[in-house]
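Asks: pasting the sequence and the predicted model now:
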Amino acid sequence: MTLARPLFATPRSYLVATTPDEPVLFLSPEALHRAARVFRDGFAGLVTYAVKANPAPVVLDNLLAAGVSAFDVASPAEIALIRARAPKAVLHYNNPVRSQGEIGAAVAADVASFSVDDRGELHKLAEQVPRGREIAVRFKLPVAGARYDFGDKFGATPKSAAGLLAEVARLGYRPGLSFHPGTQCTDPEAWASYIACARDIAAAAGVTLARLNVGGGFPARRMLGDTPALGAVFTTIARATQAAFGAQAPDLVCEPGRAMVSEAGQLAVRVKAIKQNGQVYLNDGIYGALAEQPIMGMTDRLAVMAPDGTPRRGGVRACVLWGPTCDSLDRIPGTVPLPDDIADGDYIVIGGMGAYAAATVTRFNGYGAHRLVSVRSLDTPIAHWTPRPACLVSP
Ligand SMILES: *Cc1c(COP(=O)(O)O)cnc(C)c1O
């Protein structure tokens with residue numbers, strides 16, 4: 001079943017028919033179903049979706065329809081969002097820092113599992129969370145491989161994780177461990193290091209793990225040349241779990257955000273102006289759906305077309321791209337290779353934008369209104385135009 005049957009075939013047909021001045025995030029229900037299938041068929045455990053990556057109703061409804069029945073949530077608002085459309089969904093509240101009010105809201109909403117990385121926070125949970133629920137201790141390792149490191153903010157060291165895990169069991173909760181190797185982690189061995197460490201933590205605590213949550217961080221395709229190896233990550237996780245725990249292997253949980261939704265979205269931004277100096281001003285920028293580009297590196301999965309849908313295929317020009325606000329930080333760092341026949345009013349369609357694009361948009365300077373449009377397919381027009389490196393010149 002595909003919900004919210006798309007009215008438009010492709011981003012291109014929508015842009016030609018409506019020539020929107022606002023940025024548009026196109027979402028493909030079919031691609032969401034495909035990603036859900038990849039995780040369900042490939043991952044040997046419970047697949048939960050990390051809601052923060054894209055909480056749009058069309059995303060949640062299609063993942064539910066595709067059989068995703070468990071969700072990683074981080075706030076009472078995300079809990080309410082899921083409960084409103086799926087009263088029976090399993091909720092894992094894996095933001096390890098919560099106020100007493102937030103804990104109360106989670107208990108009232110029958111959250112099944114909590115993560116924790118600090119003794120004080122564990123005792124806060126123990127005041128309200130019924131015994132027998134799962135509490136997973138989140139730990140961190142200094143492992144490389146991800147685009148940015150989540151360990152700066154969350155995660156106990158292995159030594160303090162062992163003490164916390166023993167305390168979780170002593171308090172009468174189902175003991176688990178969890179980790180997050182960092183988003184867009186392309187090295188499967190990062191998971192293997194964490195899983196081996198989980199075994200050591202459980203042994204030091206003298207606790208048999210009920211479950212092991214191997215996080216999000218699964219890589220999506222960002223650049224034209226990328227071939228994210230989800231299969232290799234799934235195989236490594238299964239192999240490392242067997243090697244570490246053997247017959248006592250805990251049940252596995254994963255919580256993909258990016259890799260579940262990234263390929264299901266394409267963002268269309270519009271050229272508002274091209275100045276005499278060649279610099280390009282867009283209707284979206286770093287306070288909008290392009291917020292991740294300065295952090296992750298600008299994607300090269302771009303296609304440019306005229307408002308009538310004609311693809312621009314000129315030689316390549318290295319362009320300075322500015323966002324729409326009056327803030328001089330609102331710029332894509334460096335330059336971006338674009339066709340040299342790009343013109344005022346053109347659309348730039350950007351692939352792999354389903355995750356962390358619409359989700360973090362601000363209304364700074366009055367911008368940030370995005371249209372969300374479901375389409376039958378995303379096949380056009382990405383990759384019709386490919387930069388030819390030999391032609392790269394500065395403006
Ligand atoms: C953000 C987050 C995720 C999802 O991470 P991705 O890199 O998008 O897969 C999963 N779990 C937790 C606890 C998170 O904070």
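Replies: Happy to help now that I have it. Residues are numbered from 1 along each chain as shown.
Asks: once you drop chain neighbours, what's closest to the residue nearest in space to the middle of the chain?
Replies: The residue lying closest to the centre of the chain (C-alpha atoms, centre = their mean) is R258, at 2.5 Å. Residue nearest to R258 in three dimensions, not counting chain neighbours: A355, with 4.2 Å by C-beta to C-beta, 6 or more residues apart in numbering. Using the backbone N, CA and C atoms, a C-beta is placed for each residue, glycine as well.
Asks: tell me how far that neighbour lies from the ligand.
Replies: Plainly put, A355 is 6 Å away from the ligand if you go by C-beta to the nearest ligand atom, to the nearest Å.
Asks: and G265, by the same measure?
Replies: 13 Å.
Asks: and the pLDDT at the residue of the chain most remote from its centre?
Replies: Computed with C-alpha atoms, centre = their mean, the residue of the chain farthest from its C-alpha average is Q276, at 37.8 Å. Model confidence at Q276, expressed as pLDDT, equals 97.
Asks: repeat for the one 5 residues further on
Replies: Per-residue confidence for Y281 comes out at a pLDDT of 98.
Asks: next, it: secondary structure please.
Replies: Y281 falls in the strand class when you classify it by DSSP: H, G, I helix; E, B strand; the rest coil.
Asks: kindly report the residues of the stretch 151-300 of the chain close to the ligand.
Replies: Residues of the stretch 151-300 of the chain lying close to the ligand (C-beta under 6 Å from any ligand atom) are 180, 183, 215-218, 255-259.
Asks: ok, H92 - how many residues close by?
Replies: The tally of other residues near H92 (other C-beta atoms under 10 Å) stands at 24.
Asks: again but with D341, I slipped
Replies: By the criterion of other C-beta under 10 Å, D341 has 15 neighbours.
Asks: how near is it to the ligand?
Replies: For D341, the distance to the ligand equals 36 Å [C-beta to the nearest ligand atom].
Asks: next: V280.
Replies: Between V280 and the ligand the distance, using C-beta to the nearest ligand atom, works out to 29 Å.
Asks: which residues touch that residue?
Replies: With contact taken as C-beta atoms under 8 Å, 6 or more residues apart in numbering, V280 is in contact with 271, 273-274, 319-322, 338, 342.
Asks: the residues you listed in strands, which ones?
Replies: Applying DSSP state E to those, the entries found in strands are 271, 273-274, 319, 321-322, 338.
Asks: nearest to the ligand, of the residues you listed?
Replies: L321 (24.7 Å; C-beta to the nearest ligand atom).
Asks: give me the neighbour count for the closest one.
Replies: As a measure of burial, L321 has 24 neighbours, counting by other C-beta under 10 Å.
Asks: correct me, but it touches L282?
Replies: Yes. Counting by C-beta atoms under 8 Å, L321 does reach L282; the two are 6.0 Å apart.
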